[in-house]
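[1] pasted the sequence and its predicted model underneath.
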Amino acid sequence: MMETVQSRQQAAPGAPGAFAAFARFVLCGGGVGLASSFAVAALASWIPWALSNALITAASTLLATELHARFTFGAGGRATLRQHAQSAGSATAAYAVTCAAMLVLHQLVVTPGPILEQVVYLSASALTGVARYAVLRLVVFSRKH
């Protein structure tokens, strides 16, 4: 019991626990991700899909990083330039995974419908989202920086 009290006291003030942070991450990141998936699809009707995904990923990463700094991880304010750069690195990896998933889909299905494309895109985004949560919590918004 004493260890639990001590470990709680050692945690940064205002920092949510892992479960609360993950729930907030899903709410913020998932909301931005869902909106992004529709934005990518809409923009891809005018420009190549990979470019559409890159533009939307850049914009949504900026927005999500701010939300995560202020709300998800309780950093207490705006995201720093370092946090934006590190978040962008993890988003670049997520971008590569979503592009690869869509490439595989188009190799397997000649003309996939928009619903199948959304399912594949959102599934790849969800998988990379779990990895991004770990990176953001343990590295980007770590209290040790």
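    All right, it came through fine. The model shown is predicted, which means the values in this text are computed figures rather than measured ones.
[2] all contacts plus neighbour counts: C-alpha atoms, from now on.
    Will do.
[3] domain map for the chain?
    The chain resolves into domains spanning 46-72+80-110, 111-144 when parsed by the TED database.
[4] gap between the shortest one and the chain center?
    Here domain 111-144 shows a centroid-to-chain-centroid distance of 5 Å under the convention C-alpha atoms, centre = their mean, to the nearest Å.
[5] I'd like the numbering to begin with 391 instead of 1 from here.
    In the new numbering, first residue 391, that becomes domain 501-534.
[6] packing partners for the helix or strand containing Leu417?
    Taking DSSP states H and E as the criterion, Leu417 maps to helix 408-433. Packed against helix 408-433, as judged by 3 or more C-alpha pairs under 8 Å, 6 or more residues apart in numbering; DSSP states H and E, are the following elements: helix 439-457, helix 504-525.
[7] format the domains of the chain as CSV; extra columns: distance to Ala408 and mean neighbour count.
    Supplementary listing: these in CSV, determined by distance: least, C-alpha to C-alpha, whole Å; neighbours: other C-alpha atoms under 10 Å:
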stretch, distance to Ala408, mean neighbour count
domain 436-462+470-500, 10, 17
domain 501-534, 8, 16
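[8] nearest to Cys489, of the helices and strands packed on helix 408-433?
    Proximity to Cys489, assessed across the helices and strands packed on helix 408-433 by C-alpha to C-alpha, is greatest for helix 439-457 (6.7 Å).
[9] what's the longest helix in the chain?
    Scanning the chain for the longest helix, with DSSP state H as the assignment, gives helix 471-498.
[10] tell me what that helix is packed against?
    With contacts defined as 3+ C-alpha pairs under 8 Å, 6+ apart, helix 471-498 has these neighbours: helix 439-457, helix 504-525.
[11] any idea of the angle that helix forms with helix 504-525?
    Between the direction of helix 471-498 and that of helix 504-525, the angle (axes from the mean of the first three to the mean of the last three C-alpha atoms, to 10 degrees) works out to 150 degrees.
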